[in-house]
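Asker: Any chance you could fold what I've pasted below:
(chains A and B)
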Amino acid sequence: MKDLIEILWVSIPTLYKIFSPSGAIWTASTVLGRVNELGLKSDRFTLLKVKLHLFLFAVINSEKKDAMALYLELTELKVLKDNIEDPQLKQSVKIEFNFAEAHFRYRLKKRKYINSKNSQISEDLKKYKFALATLKEALVLAEKSQNSAHMVGRISLLECKIFVSIKQETLPPTLMKRLCAAIEHFSMVTNPSRRLELQANFLLAKLHLK
Amino acid sequence: MAFINSFPAGLSTKDLEVLASMELIPSNWVELLLTISRDQKMKLSSGLEAAKFLPDNYFIINVTNDASDESLQHVQSVESVQAFFQKSSPETKFQILITKLRYLSYISLMLIEQAKTNLLYNEHLIEYSLISSYGIWCLNEQNPFVEEWKKFSTKVKYVKEDLETKISSKDLLKIFRDHESNLVSAMDIKIIKELLEQGNQ
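Answerer: Prediction:
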């Protein structure tokens, strides 16, 4: 039963995201409420909650663009991340958390959100240098992990987005190389991530122009 | 065929074919449906290449033709029968409910896979769903259901007769719409709690 819950309760919000996006937030919030109500205490259910909060983060990030709602999701995620006992799983969740946080900081700085002047959101969150520091931490952890090419590619992509936005002349020495590796990875037949591949190519061109 | 009672939106004849091929329901489901509805004069229409039920509101089930696919029919238990099923003994319904959740999981994973194959949905930089398949978004290999899914995934012929054929995005959306109420019913906390309490860990 728990095996089915683990799969089905992430699949259903995903299906809504694909086929009926207006119902995605409702579905994920409902499922999250159900998981909390069941009160199951183990890493696999903490991970399920992490996934659902991340899911909500992604949907709010692209649709409602509400800084306060995103900030609250990150706060919940931080607590859940600290509750995970398995060290390897904890590390994987930390990478995802850092990436989400860095993206949030980047978009805050770019003024892409509403409600971003809320007093709970500190000014430090709105600085590129902190976003880059968070990403660097995620990159170090990801590079130590197995099968991390996808995550490293996403980190490099976000890093490039930030460097394109700032006037800093010197890029991290490995960034171009990582971006090229990311393009190759995103275009693999077994893992086609066309949107990310296009974004990475576009950013590579922008970095060359810079 | 009490199995149909557990799906609020009912099942299509294609679902029943798939379920039979996966041995989740008896292979003679057509005969069984005719047998349990014998007194209500449910019949198969004759003279057609593939046998079809005559669409009607029978005493315990409703049979309707699909509006866009003439080869497809929908079989749904009437509300009173669904309500009766909910009140039936735990022993009677729990195995059925577990099988229902398994089938919905197969359908969900199949739809996600097909949406990826069709490039109907492309991974965003901030994605966080089962569209991604890296890190924590990989299916947990230690979950026995994942092994089962791998075994059955080629048997779920719902969308394609062979691996060469791709289903259209429109058809994927239709399958999702047909199963939407069934999927929402999989979040019924009362049932899930009962199942867990019954030792279905």
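
Asker: From the contact counts, what lies against whatever helix or strand residue A:208 lives in?
Answerer: Using DSSP states H and E, residue A:208 sits within helix A:194-209. When contacts are defined as 3 or more CB pairs under 8 Å, 6 or more residues apart in numbering or on different chains; DSSP states H and E, helix A:194-209 packs onto helix A:149-165, helix A:175-186. For glycine as for every other residue, the C-beta is placed from the backbone atoms N, C-alpha and C.

Asker: residues in contact with the first one?
Answerer: Contact partners of helix A:149-165, identified using CB atoms under 8 Å, 6 or more residues apart in numbering or on different chains, comprise A:95, A:99, A:102-103, A:106, A:109-110, A:128, A:131-132, A:135, A:138-139, A:142-143, A:145, A:171-172, A:175, A:178-179, A:181-182, A:185-186, A:191, A:193, A:196, A:199-200, A:203-204, A:206-207, A:210, B:125, B:132, B:134-135.

Asker: Please point out which parts of that helix sit buried.
Answerer: The neighbour-count check on helix A:149-165 (16 or more other CB atoms under 10 Å in any protein chain shown) flags A:149-163 as buried.

Asker: average pLDDT for that helix?
Answerer: For helix A:149-165, mean pLDDT rounds to 94.

Asker: Next, the angle from it to helix A:194-209.
Answerer: Relative orientation of helix A:149-165 and helix A:194-209, computed by axes from the mean of the first three to the mean of the last three CA atoms, to 10 degrees: 40 degrees.

Asker: can I get the CA coordinates of helix A:149-165 in CSV?
Answerer: Presented in CSV, the C-alpha positions along helix A:149-165 are these (Å, rounded to 0.1, in the frame of the first residue of the first chain):
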residue,chain,number,x,y,z
ALA,A,149,25.1,14.9,-14.8
HIS,A,150,21.6,16.2,-15.0
MET,A,151,21.7,18.1,-11.8
VAL,A,152,25.2,19.5,-12.6
GLY,A,153,23.8,20.6,-16.0
ARG,A,154,20.9,22.4,-14.4
ILE,A,155,23.1,24.1,-11.9
SER,A,156,25.4,25.3,-14.7
LEU,A,157,22.5,26.6,-16.6
LEU,A,158,21.2,28.7,-13.7
GLU,A,159,24.8,29.9,-13.0
CYS,A,160,25.0,31.0,-16.6
LYS,A,161,21.7,32.9,-16.4
ILE,A,162,23.1,34.8,-13.4
PHE,A,163,26.4,35.5,-15.0
VAL,A,164,24.6,36.8,-18.1
SER,A,165,22.7,39.2,-15.8
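
Asker: and the angle for it with helix A:175-186?
Answerer: 130 degrees.

Asker: so what's residue A:17 up against?
Answerer: Residue A:17 makes contact with A:24, A:55, A:59, B:121, B:129, B:131, according to CB under 8 Å, 6+ apart.

Asker: Could I get the pLDDT score of the residue lying closest to the fifth one once chain neighbours are set aside?
Answerer: Computed as CB to CB, 6 or more residues apart in numbering or on different chains, the closest residue to residue B:129 that is not its neighbour in sequence is residue A:14, at 4.2 Å. Per-residue confidence at residue A:14 stands at 97 (pLDDT).

Asker: tell me which element residue A:14 falls in.
Answerer: Counting by DSSP H and E, residue A:14 is part of helix A:2-19.

Asker: And residue B:76, by the same measure?
Answerer: Here residue B:76 is covered by strand B:73-77, with elements defined by DSSP H and E.

Asker: Any figure for the gap between residue B:36 and residue B:151?
Answerer: Noted for residue B:36: a distance of 30 Å to residue B:151, by CB to CB, to the nearest Å.

Asker: Look at these two and report which has more neighbours.
Answerer: Between residue B:36 and residue B:151, residue B:36 has the larger neighbour count (other CB atoms under 10 Å in any protein chain shown), namely 16 against 10.

Asker: which secondary element of chain B has the worst mean pLDDT?
Answerer: Scoring the helices and strands of chain B by mean pLDDT, DSSP states H and E places strand B:44-45 at the bottom, with a mean of 64.

Asker: neighbouring strands for the helix or strand following that one, and are they parallel or not?
Answerer: Toward the C-terminal end, the helix or strand that comes next after strand B:44-45 (DSSP H and E) is strand B:52-53. Sheet pairing for strand B:52-53, assigned by DSSP bridges, gives strand B:44-45 (antiparallel).

Asker: Report the spatially nearest residue to residue B:68, omitting neighbours in sequence.
Answerer: Nearest to residue B:68 is residue B:174, by CB to CB, 6+ apart, at 7.1 Å.

Asker: what's the following helix or strand after the strand or helix carrying residue A:28?
Answerer: Taking DSSP H and E as the criterion, residue A:28 maps to helix A:24-38. The helix or strand immediately downstream of helix A:24-38 is helix A:43-62, counting by DSSP H and E.

Asker: Return the distance of the nearest residue to residue B:195 once chain neighbours are set aside relative to residue A:8.
Answerer: Spatial nearest neighbour of residue B:195, excluding adjacent residues (CB to CB, 6+ apart): residue A:1 at 5.2 Å. Distance, residue A:1 to residue A:8, using CB to CB: 10 Å.

Asker: Need the residues touching each of these two.
Answerer: Joint contacts of residue A:1 and residue A:8 (CB under 8 Å, 6+ apart) are residue B:101.

Asker: Comparing the two, which shows the higher neighbour count?
Answerer: More neighbours surround residue A:8 than the other of residue A:1 and residue A:8, with 22 against 16 (other CB under 10 Å).

Asker: now the chain, which segments are flagged as low pLDDT?
Answerer: You didn't pick a chain, so chain A it is. Chain A contains residues with pLDDT under 70 at A:119, A:169, A:189, A:191.

Asker: ah, no, chain B please
Answerer: B:1, B:37-51, B:156-166, B:199-201.
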